[in-house]
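In: following is a predicted model, sequence given first.
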Amino acid sequence: VNATGTAPALLLQLQPSSPDDAISGAAERSLAWPPSPADEGYSIHLNTLHTVISSRSPQGVLYGAFELLRRLRREDPGALAGGGEVVRSAPSAPLRHWDLWDNLDGSVERGYAGPWQHRFDVAAARSSVVYPLGQQRDEQRAHDLARLLASVGINGIGWSNVNACDHGNQHLLSSRNIASMRALVALFYSYGIHSFLTPCFDSPQIVGGLFTSNPQVPEVKAWWAKKIEEVAGAFGDAFRGLVFKGNTEGQPGPGSHGMSQLQGANFFAELLEEVGAICIWRAFSHPEGGVDQALYQFQRFENWDGEARWNVALKIKNGPYDFQVREPVHSLFGHLSNTSLILEFQAAQEYFGHAKHLVALPSQWSSYLGFDLSSRFPPYNVQTLAQVASGGIGRMPFSGIAAVSNIGTSRNWTGHVFSAVNTYGFGRLAWTPTTPAADIMREWVEVVFTCGAIVVP
């Protein structure tokens with residue numbers, strides 16, 4: 001109750017983006033695609049009598065509600081007093097993805113947040129929240145995960161390991177598995193999170209029983225078209241694309257059939273366009289043996305500008321090697337300007353002490369996001385890596401930032417209690433890349449452990 005003796009109210013408001021929307025009620029339609037930062041943004045009016053959270057979209061209102069909760073938890077004076085302050089915020093990157101490397105056998109690739117997170121040899125076993133082999137999925141846990149991700153602005157999720165032909169993942173596209181995921185996909189969509197599947201390239205043979213998986217064979221193309229229609233029919237507007245890792249680390253791909261990576265990506269993009277979805281293709285591709293990985297990847301993807309279909313997004317690790325402790329910025333970021341690019345980080349501490357070491361990664365991620373590419377784009381305004389991930393000079397619609405998940409079945413989600421700062425920090429940087437890492441870490445500590453006390457110097 002405030003000073004006037006009345007109970008303050010919280011009002012949620014959907015703002016139509018145009019007069020036509022106001023007339024037609026289009027503001028209440030399904031989530032916008034591709035995601036629009038303007039639609040996902042919000043404003044919070046902190047008044048004495050009432051607080052108003054407004055946005056053009058339902059998910060924008062949701063993001064605003066989480067921001068208000070953060071401010072209240074930290075005992076922010078403006079949020080508590082309601083002195084007329086107006087908070088406005090909108091995301092920088094259109095796509096803000098959280099990629100599970102969960103396997104259908106219940107394990108997690110690079111998973112350090114399972115029941116035995118302090119033993120590397122068995123840490124990944126039985127640590128998947130979404131695929132609890134031989135057990136019933138904990139629906140409350142899944143609901144909490146959706147809410148957790150939405151609270152930091154995540155709007156897309158990859159449901160399984162990019163090594164898609166091992167650990168049971170080769171059956172991801174079976175009709176039985178698709179049906180089993182419908183409720184899960186719908187749950188996450190209710191929190192504004194689109195779904196992406198990572199199928200095995202050899203699915204036509206493994207799932208469909210065909211004699212080959214060569215995309216150049218008409219029967220294979222027909223199988224993929226029918227399967228994509230099945231997935232889109234089961235998941236509705238929540239389904240927004242497929243993710244592929246081809247011809248590296250033992251995984252099959254277009255190269256297995258004499259096709260280039262570009263031809264493979266365009267093949268799937270053509271089929272996915274029919275259902276309003278996109279093809280995300282990982283640039284992490286290299287043959288076995290002693291090759292220069294940076295040079296190899298550059299040569300395979302340097303010609304994608306103007307050649308990749310409009311609904312192809314190239315997902316590129318921050319560096320060309322393998323999420324090492326320190327790498328140079330991937331050279332493709334300074335070369336491609338007319339292709340949607342997704343910057344990929346790794347929240348899982350593969351090279352940072354697993355779940356044993358306290359490592360706050362936002363400071364490193366900030367250094368990458370602020371990397372200056374202006375020498376590559378001299379006629380334009382300064383291009384940082386963050387600006388490229390936000391669409392770049394071409395305002396590419398499917399650009400964004402993704403992170404490999406560090407979440408598992410541990411009670412605290414991330415194994416090491418402080419590893420959660422990396423989950424939180426990724427979401428905050430994907431939303432506003434210029435936020436100082438120190439501010440993010442201080443904010444997280446205050447939200448999790450204290451109410452307004454100064455605990456970080």
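Out: Thanks, I have it.
In: which residue is the nearest non-sequential neighbour of Arg309?
Out: Nearest non-adjacent residue to Arg309, counting by C-beta to C-beta, 6 or more residues apart in numbering: Ala269, 4.1 Å away. Backbone N, C-alpha and C define where each C-beta goes, glycine included.
In: same deal with Phe211?
Out: In space, and not counting its chain neighbours, Phe211 is closest to Gln205: 7.2 Å by C-beta to C-beta, 6+ apart.
In: what is the burial count for the closest residue to Tyr189 other than its chain neighbours?
Out: Spatially, and ignoring its direct neighbours in sequence, Tyr189 is nearest to Ala238 (3.7 Å; C-beta to C-beta, 6+ apart). If you count neighbours by other C-beta atoms under 10 Å, Ala238 ends up with 21.
In: one step back: what comes up buried for the helix or strand hosting the residue nearest to Arg309?
Out: Using DSSP states H and E, Ala269 maps to helix 261-273. Buried residues in helix 261-273, counted by 16 or more other C-beta atoms under 10 Å: Gln261, Leu262, Gly264, Ala265, Asn266, Phe267, Phe268, Ala269, Glu270, Leu271, Leu272.
In: now, among these, which is nearest to Pro35?
Out: Leu272 (16.6 Å; C-beta to C-beta).
In: ok, that closest one - contacts?
Out: Leu272 makes contact with Ile228, Gly241, Leu242, Ile278, Cys279, Asn311, according to C-beta atoms under 8 Å, 6 or more residues apart in numbering.
In: how about the buried residues of helix 261-273 in a markdown table, adding distance to Gly168 and pLDDT?
Out: Compiled in a markdown table, those are given as follows (distance: C-beta to C-beta, whole Å; pLDDT from 0 to 100):
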| residue | distance to Gly168 | pLDDT |
| --- | --- | --- |
| Gln261 | 26 | 97 |
| Leu262 | 30 | 98 |
| Gly264 | 23 | 98 |
| Ala265 | 25 | 99 |
| Asn266 | 29 | 99 |
| Phe267 | 25 | 99 |
| Phe268 | 22 | 99 |
| Ala269 | 27 | 98 |
| Glu270 | 29 | 98 |
| Leu271 | 25 | 99 |
| Leu272 | 24 | 98 |
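In: which residues of the chain fall in strands?
Out: 9-14, 42-46, 50-55, 85-89, 95-99, 156-158, 194-197, 239-244, 278-282, 312-317, 340-346, 400-404 (DSSP state E).
In: Leu332: which of those strands is closest?
Out: Closest approach to Leu332 among the strands of the chain (C-beta to C-beta): strand 312-317, 5.4 Å.
In: which helices and strands sit right next to that closest one?
Out: helix 261-273, strand 278-282, strand 340-346 (3 or more C-beta pairs under 8 Å, 6 or more residues apart in numbering; DSSP states H and E).
In: dump those into JSON lines; add distance to Gln13 as well.
Out: Formatted as JSON lines, the helices and strands packed on strand 312-317 follow (distance: least, C-beta to C-beta, whole Å):
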{"stretch": "helix 261-273", "distance to Gln13": "35"}
{"stretch": "strand 278-282", "distance to Gln13": "31"}
{"stretch": "strand 340-346", "distance to Gln13": "32"}
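In: closest one to Arg70 among those?
Out: Short answer: strand 340-346, nearest of the helices and strands packed on strand 312-317 by C-beta to C-beta, at 21.9 Å.
In: could I have the closest one exported to PDB, CA atoms only?
Out: Output of strand 340-346 as PDB, limited to C-alpha atoms (Å, rounded to 0.1, in the frame of the first residue of the first chain):
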ATOM      1  CA  SER A 340      22.700 -13.600 -42.000                       C
ATOM      2  CA  LEU A 341      25.400 -14.400 -39.400                       C
ATOM      3  CA  ILE A 342      25.000 -15.900 -36.000                       C
ATOM      4  CA  LEU A 343      27.800 -15.500 -33.500                       C
ATOM      5  CA  GLU A 344      28.200 -18.600 -31.400                       C
ATOM      6  CA  PHE A 345      29.600 -18.700 -27.800                       C
ATOM      7  CA  GLN A 346      29.900 -21.600 -25.400                       C
END
